[in-house]
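# Got a predicted structure here, sequence first:
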Amino acid sequence: MTEEVFADGDSPLHRTAPVIRAALAIIYCTVVALLNEFYAILAALAFSTLMAGAAKLGPGRVLRHLSWALGFLLFLWLVLPWSISGSPFFGIGRLTISAEGVALCGRITLKSISILLAMMSLLATMRVASLGQALGKLGLPPRLVQLLLLAYRYLFVLEQEYHRLYRAARIRNFSPRTNIHTYRTFAYLAAMLLVRAVHRAQRVHQAMVCRGFNGSFHSLQVYRPTVWNPVVAVVGGLICLTLAVLEMTI
């Protein structure tokens, strides 16, 4: 279901402290999202590609995980250029593609790919437990950190429980079709999954309290100070500053 496919590696970004990577990801993605000039956006795409190369993610795995986003962006290209009014760019009969629509789609596409590459390079290269710890140090409320960690941990359990319930239905000769019986069966399955999740959450909470849980999680992974921490922080700051200067001067 949810796998940490980029967490194992030996790149400079993998060895950088999670707090620095999380802070840089927040700042960088915010700057890229606010860009409007094409030169600045293209520079952001180049920087994000360099990040992916520095993290040694591998082009095949990156493209495979970008496929879902590319499908959504393709849908935007099929809709926005025809629906935004402006100066004509290309026409087929009464249908006209506006230059403003094409420009908007181009900005959205380039910025989306840049942000996703940066997120893969900076955040996907760490474990979810390390990400939660880093967000907690950056000021995220402890309850939200606990919610993130527990939700990630039990997504796998809920997936296994769903497959168990679905197999039980198939053993009882259930065959999905487009009819009321199928809809009702899936509704019962979802309701039973919710009930079982609530009961499991109560048992897990009781077990954690019995083991002395005091409301905070402690990570067993320790990141010692390395030369890469200040280097990544300074380079990341310079990249964000460069993008801001390009946006304001071009």
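Here it is on my side, so go on.
# what helix or strand does residue 198 sit in?
helix 180-210 (DSSP states H and E).
# residue contacts, residue 4?
124, 127-128 (CB atoms under 8 Å, 6 or more residues apart in numbering). The C-beta positions use only the backbone N, C-alpha and C, and glycine is treated the same way.
# In three-state terms, label residue 217 for me.
coil (DSSP: H, G, I helix; E, B strand; the rest coil).
# pretty sure it contacts residue 146?
Yes: taking contacts as CB atoms under 8 Å, residue 217 lies within contact range of residue 146: 6.6 Å.
# Backbone dihedrals for residue 89, please?
Main-chain dihedrals, residue 89, degrees, to the nearest 10: phi -110, psi -40.
# Any idea how many residues pack against the closest residue to it other than its chain neighbours?
Leaving aside its sequence neighbours, residue 89 sits nearest to residue 99 (CB to CB, 6 or more residues apart in numbering; 4.2 Å). The number of residues packed around residue 99, counting by other CB atoms under 10 Å, is 14.
# Give me the pLDDT for residue 99.
In this model, residue 99 is scored at 82, pLDDT.
# Also residue 220?
With respect to pLDDT, residue 220 has a value of 67.
# contact partners of the lowest-mean-pLDDT helix or strand in the chain?
Sorted by mean pLDDT, DSSP states H and E, the helices and strands of the chain end with strand 88-92, the least confident at a mean of 71. Identification of contacts with strand 88-92 by CB under 8 Å, 6+ apart yields 81, 96-99, 101-102.
# and if you look at stretch 185-205?
So stretch 185-205 is in contact with 154, 157-158, 161-162, 165-166, 169, 174, 176, going by CB under 8 Å, 6+ apart.
# I'd like these as CSV, with secondary structure, neighbour count and distance to residue 52 appended.
Shown next, in CSV, are the contacts of stretch 185-205 (DSSP: H, G, I helix; E, B strand; the rest coil; neighbours: other CB atoms under 10 Å; distance: CB to CB, whole Å):
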residue, secondary structure, neighbour count, distance to residue 52
154, helix, 15, 30
157, helix, 13, 32
158, helix, 16, 31
161, helix, 16, 35
162, helix, 16, 33
165, helix, 16, 39
166, helix, 16, 37
169, helix, 15, 42
174, coil, 16, 44
176, coil, 13, 40
